[in-house]
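**Q** sequence and predicted structure below; questions after.
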Amino acid sequence: MAVLATVGIALSFAQWSHGERASTCISDFLSYYTGGRLAFSGQIYSPAASISVRHEILGCSNDVYGQFVWPPYFAGLMWPLAQLPFRVALVVWDSFCVVAILGFVWLWPGPRWRTLAICSWSFPLMSAFVYGQDVPILLLAAGAGIVLLGKGCDFEAGLCLAVGAAKPHLFVILALLILVRRRWWAALGFGVGVGVEIGASFLTEGLGWPSEFWHAATSAAANPNPGTMINLHGLAYAFHAPWWIETILSLAFLALIAWTCRRIPDSMGFALALAGGVLLGVHSYLYDLTLVIPLVLTVLASNSIPLWLKWAAGVVASPALYWIPAASTLPGPVHFLLPAFLVLTGVAIAVGRREAEFAGGTLRMEG
């Protein structure tokens, strides 16, 4: 595991250096930085103000890509970084993200070398660094929340999960599972955290921010390349499927996730719900697959998961399928990676239950 982790870090660094986009006009970090520059000005969601800032920083053209589309409190958090020169702020941001990954490796139960190896070989995680995304910080928050839920520290877990309010569509199924499991203290912690973020948003952008945020989040700037999304919405868009097919598939996967979560321990259930949010969220790109890492680690650590599903988890964790070229008219293998893994997880649980019932025993899963 130590050797794998070392090789993975070296390859990730090479890919990061070769394909770095975070310092260009198609950078996600540039969007965060722009929001920080406009924080407390009342113009966070102004396209004209955003274009002016991006042109001043990097000489970017009048491109809709890069407009700030997150809640205003996030722009307020970015305000201190935005006072630094852009490239200095980017180095500080990357350092934060590296610390977040190391924090996740340290707190996640199980062999830390294995966790580090999975993270270092993760192509989505490398992609997050390439574009300056906040996904490494979300991974730390989600991992801490799942671990704290497993330890019964529900209020603290809810506070950690509230960090995901910057991308609520990815955490909605996990929040619903907390309510279904009647983890009321976790729901309270989550509510307190989100309440603080909403209050901070009003302080940052004023009373009119909810409508401005909704308009920005549903605009074309928020989804510049829907065909490249790795969720069901991206698949439906790539195949030109009507909306009702996407709706039926979403309900079917939601039912599968709900059925599976009822039959597995809380630790795996929460990790599965987080991965389900990536699949069913209408806005999730390649780097968001980073949030599947907790499910991969939970599957690898379980004593009752069949070996074939662990091999499938290894495929999900490896970069192999991401390097397979795709036809220009069809989605690539990566688009089918998450739905296939969730289906296989459900099948493994169903088969394991039947075998346990046939043997007159009970299905136990440790992890």
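**A** Arrived safely.

**Q** please make it C-alpha for all contacts and neighbour counts, starting now.
**A** Noted.

**Q** report how many residues lie close to residue 49.
**A** Around residue 49 there are 17 other residues, counting by other Cα atoms under 10 Å.

**Q** isn't it right up against residue 43?
**A** Yes - with contact defined as Cα atoms under 8 Å, residue 49 and residue 43 form a contacting pair (6.5 Å).

**Q** wait, residue 341 touches residue 312, no?
**A** Yes - contact criterion Cα under 8 Å: residue 341 and residue 312 qualify, at 7.1 Å.

**Q** how about the strands in the stretch 1-150 of the chain?
**A** Counting by DSSP state E, counting those that start in this stretch, one finds no strands in the stretch 1-150 of the chain.

**Q** ranges for the helices of it?
**A** For the stretch 1-150 of the chain, the helices defined by DSSP state H, counting those that start in this stretch occupy 2-19, 28-38, 47-58, 72-82, 86-107, 112-120, 123-131, 135-150.

**Q** tell me which residues are up against the first one.
**A** Right, helix 2-19. Residues outside helix 2-19 that contact it (Cα atoms under 8 Å, 6 or more residues apart in numbering): 113-114, 116-118, 120-121, 123, 126-127, 129-130.

**Q** and of those residues, the nearest to residue 206?
**A** Residue 206 lies nearest to residue 129 out of the contacts of helix 2-19, by Cα to Cα, at 31.8 Å.

**Q** neighbours around that closest one, how many?
**A** Neighbour count of residue 129, defined by other Cα under 10 Å: 28.

**Q** distance check, it against residue 317.
**A** Counting by Cα to Cα, to the nearest Å, the gap from residue 129 to residue 317 is 17 Å.

**Q** picking that back up, any chance of the contacts of helix 2-19 in TSV, plus pLDDT and distance to residue 98?
**A** Listed next are those as TSV, based on pLDDT from 0 to 100; distance: Cα to Cα, whole Å:
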residue	pLDDT	distance to residue 98
113	92	16
114	92	17
116	94	12
117	92	14
118	93	15
120	92	11
121	90	14
123	90	15
126	91	11
127	89	13
129	91	9
130	90	13
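
**Q** buried ones from those residues, can you make that a PyMOL selection?
**A** The buried subset of those, as determined by 16 or more other Cα atoms under 10 Å, is captured in PyMOL by this line:
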select buried, resi 113+114+116+117+118+120+121+123+126+127+129+130
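
**Q** I'd like the contacts of helix 2-19 as TSV, with distance to residue 79 appended.
**A** Converted to TSV, the contacts of helix 2-19 look like this (distance: Cα to Cα, whole Å):
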residue	distance to residue 79
113	35
114	36
116	31
117	34
118	33
120	30
121	32
123	30
126	25
127	24
129	20
130	22
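
**Q** of the contacts of helix 2-19, which is the nearest to residue 200?
**A** Distances from residue 200 to the contacts of helix 2-19, taken by Cα to Cα, are shortest for residue 129, at 27.1 Å.

**Q** am I right that the closest one is in contact with residue 96?
**A** No - Residue 129 lies out of contact with residue 96 (Cα under 8 Å); the separation is 11.0 Å.

**Q** which residues of the stretch 51-200 of the chain score low on pLDDT?
**A** Along the stretch 51-200 of the chain, the model assigns pLDDT under 70 to residues 62-65.

**Q** for the helix or strand containing residue 278, packing partners?
**A** For residue 278, the element it lies in under DSSP states H and E is helix 266-280. Contact here means 3 or more Cα pairs under 8 Å, 6 or more residues apart in numbering; DSSP states H and E; on that basis helix 266-280 packs against helix 135-150, helix 168-180, helix 232-238, helix 243-261, helix 293-301, helix 334-358.

**Q** and these as CSV, adding mean neighbour count and distance to residue 59?
**A** Output for these, formatted as CSV (neighbours: other Cα atoms under 10 Å; distance: least, Cα to Cα, whole Å):
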stretch, mean neighbour count, distance to residue 59
helix 135-150, 24, 26
helix 168-180, 19, 32
helix 232-238, 21, 31
helix 243-261, 16, 39
helix 293-301, 23, 37
helix 334-358, 17, 34
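
**Q** for these, which one sits closest to residue 80?
**A** Ranking those by proximity to residue 80 (Cα to Cα) places helix 135-150 first, at 17.2 Å.

**Q** helix or strand right after that closest one?
**A** The C-terminal neighbour of helix 135-150 among helices and strands, as given by DSSP H and E, is helix 154-161.

**Q** pull out the buried positions in that next one.
**A** Buried, per 16+ other Cα under 10 Å, within helix 154-161: 154-161.

**Q** and stretch 220-233, by the same measure?
**A** In stretch 220-233, residues buried by neighbour count (16+ other Cα under 10 Å) are 221-223, 226-233.

**Q** and the two most separated of these?
**A** 221 and 232 (19.8 Å).

**Q** before we move on, back to that, for the helices and strands packed on helix 266-280, which one sits closest to residue 54?
**A** With Cα to Cα as the measure, helix 135-150 is the member of the helices and strands packed on helix 266-280 nearest residue 54 (22.2 Å).

**Q** tell me what angle the closest one forms with helix 123-131.
**A** 130 degrees (axes from the mean of the first three to the mean of the last three Cα atoms, to 10 degrees).

**Q** what pLDDT is listed against residue 361?
**A** Residue 361 is assigned 45 on the pLDDT scale.

**Q** what about stretch 126-138, distance to the chain center?
**A** Centroid displacement of stretch 126-138 relative to its chain, using Cα atoms, centre = their mean, to the nearest Å, is 9 Å.

**Q** sorry, wrong one. I was asking about stretch 36-47.
**A** On Cα atoms, centre = their mean, the centre of stretch 36-47 falls 25 Å from the chain's centre.
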